[in-house]
Every structure is written in structure tokens, then in C-alpha cells.
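**Student:** Let me see the structure of the following:
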Amino acid sequence: MEITGLIEAVRAQVKEWRRQGHSVGFVPTMGYLHEGHESLIQRAVKENDKVVVSDFVNPIQFGAQEDLSTYPRDLDADCALCEAAGVDLLFHPAPEEMYAPDFSTYVKAERVSDGLCGKSRPTHFQGVCTVVCKLFHIVMPDRAYFGQKDAQQLAVIRRMTRDLNLDIAIVGCPIIREADGLAKSSRNTYLNEEERTAALVLSRAIFLGEELIKQGERDAETVLSAMREIILAEPLARIDYVEMVDADTMETIRQAKGRTLVAIAVWIGTTRLIDNFILEA
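**Tutor:** Numbers count the residues shown, from 1 in each chain. All right, here's what the predicted structure looks like:
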């Protein structure tokens, strides 16, 4: 596996692969890789001749009071996981490689980024769109892989890719969970033992909502109220949102219909966690 922090080195390698007729898969990450990332990489390796992973904590998607400085990092472990999974090229740029000192050009997918996480993190998806658009232009992959846990991010990236006519297939991959149900997340490492136990209210609420819709319940408020009740019973939990939206547009809906996304964001102590499910209702 090759490791580089240079944009031109990535472009040169991908150009050579193209000359040889290889397809290219791409998994963009912020590092501190876990089994969820590994599942994306494994699918990319299965579906492409060559695979690039980016390992970059993107500063412009963090708000002023968010956890950029404390976001977990472990490049050695990331390299080991990527190499074992069959990655061909790991791109680990410094912030100054990605952003010029006078950088001033941003990409924003409007409306689809306004609700859910966009309400409490108003600049987040602009930062996500901008860095992913830049990475797409650097790597020029055939396919790019994103986890369903970040469902709004996936919808935003799909919209950006469509609207900007980027010739890249966006592949969404299932949520990977711990044995007790908690969705895998790099931020889970912030939780102490008591908070880790409390965090299970997220998956319990998700599983209940999913079951209610599978049993035929279509009223959004009925489903969401039952989910909120579970979360509010946990003293360490504080709800950011519990919402039902159209899975493609992210617009709030009152009845489950079509591709329905039920998404939650909950603070456990000082750690904000997200979870969701999608059903064809």
C-alpha cells in the first residue's frame, strides 16, 4: 500500500491506473477507522480494481465550538487496517495541502442540508460538500462509498454529485453496529463507562421506531413520540432531534411513505451521537 500526503502523487497514481484500464473506488474518511469504515473499504475492494482511502480530519466542517482539536486520530492503526483490507493508496494530506491560506471557494447543497444536523451545525455540510468535491476531483473515482449512519450526509453528497454532473457512482453502505446495538462511531471513544451504557437508548429508540413502521404504523408523531419516550427516560440523554423525513429530500413528512428516513441526534453527556433507519413505507 502506498501512503502519500501529496495531491499530485495521488493524481499521478490514478492516471497510471487509468492508463492500465483499472477501475477506481474511493472511501473518504476522517480517520480513526473502525469496523464501519472497514465495511466500506471491503465493498470498494470487491467492486473495483484499485481502491483509494483518504484519511483527513477536515477543519472546515467543524463549527467554532466543536471538537476539531480533540477529534480522535491514530494514523498507524488506520494504515494497518487499510493495508489488511487491501487498500492500494492511502491519502493523508495536511490541512495546508488541501486549503490555500486564502482559500475562499465553497460548495453547498441547499435545502437538503438545512434540516436535521444542518439546524444545529449550520456550516457543517458546506464543509463536507467542499472537501468531498475537492477529493472527488483529486481522486476521480468510478465509485465512492459512504456509510448510511450519516444518512443526511449521504443524501447531501448524492445531491451535490447529481447537481454538479460528477461522473461518480455514490454507493451507500449499511450501518455497522456493536454487539449491543450501538452504531459504530469514532466519537464513541469519548464516552465513559456510564455514558456508553446510556448511549444504548439511541439504538433502542431506533429499533422500536423501525418495528412500529414494519407493523403498519404510518403516523409520524406516533412513531416519534414512542422513540422520544425511550430517550427521555435516560437521565444522561438530551435530544437534539428525533424526526421523520423523506429519505431523498430530507423534507419533514407527517406520514411514513415511500423511502422514509427516521433519524435521531442525541447528546450523551458532552458527546453528540446520531443514528437512523430507512424503510420503504
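**Student:** Give the buried residues for stretch 78-97.
**Tutor:** 78-79, 81-82, 85, 87-93 (16 or more other C-beta atoms under 10 Å). In short, each C-beta sits where N, CA and C put it, glycine included.
**Student:** farthest pair in those residues?
**Tutor:** Ala85 and Pro93 (20.4 Å; C-beta to C-beta).
**Student:** So for whichever strand or helix holds Phe125, mean pLDDT?
**Tutor:** Assigned by DSSP states H and E, Phe125 falls within helix 124-139. Helix 124-139 shows a mean pLDDT of 98 in the predicted model.
**Student:** Buried residues in that helix, which are they?
**Tutor:** 124-136, 138-139.
**Student:** Ile239 is in contact with Leu232, correct?
**Tutor:** Yes: applying C-beta atoms under 8 Å as the test, Leu232 and Ile239 come out as touching, 7.1 Å apart.
**Student:** Return the residues in contact with Leu236.
**Tutor:** Leu236 is in contact with 194-195, 198, 268-269, counting by C-beta atoms under 8 Å, 6 or more residues apart in numbering.
**Student:** tell me the phi and psi of the residue nearest to it when sequence neighbours are not counted?
**Tutor:** Sequence neighbours aside, Ala198 is the residue nearest to Leu236 in space, at 4.0 Å (criterion: C-beta to C-beta, 6 or more residues apart in numbering). Main-chain dihedrals, Ala198, degrees, to the nearest 10: phi -60, psi -30.
**Student:** What number of residues are in the vicinity of Ala198?
**Tutor:** 19 (other C-beta atoms under 10 Å).
**Student:** Equivalent analysis for Pro101, please.
**Tutor:** 5.
**Student:** mind checking pLDDT for it?
**Tutor:** 97.
**Student:** before we move on, what about Leu232?
**Tutor:** Taking Leu232 on its own, its pLDDT is 98.
**Student:** ditto for Ala281
**Tutor:** In this model, Ala281 carries a pLDDT of 79.
**Student:** any idea how far Glu66 is from it?
**Tutor:** Distance, Ala281 to Glu66, using C-beta to C-beta, to the nearest Å: 33 Å.
**Student:** Would you map the strands across the protein?
**Tutor:** 2-4, 24-29, 50-55, 89-91, 143-147, 169-173, 237-246, 259-268, 271-280 (DSSP state E).
**Student:** What strands flank the second one, and is each parallel or antiparallel?
**Tutor:** What that stands for is strand 24-29. Strand 24-29 sits in its sheet next to strand 50-55 (parallel), strand 143-147 (parallel), going by DSSP bridges.
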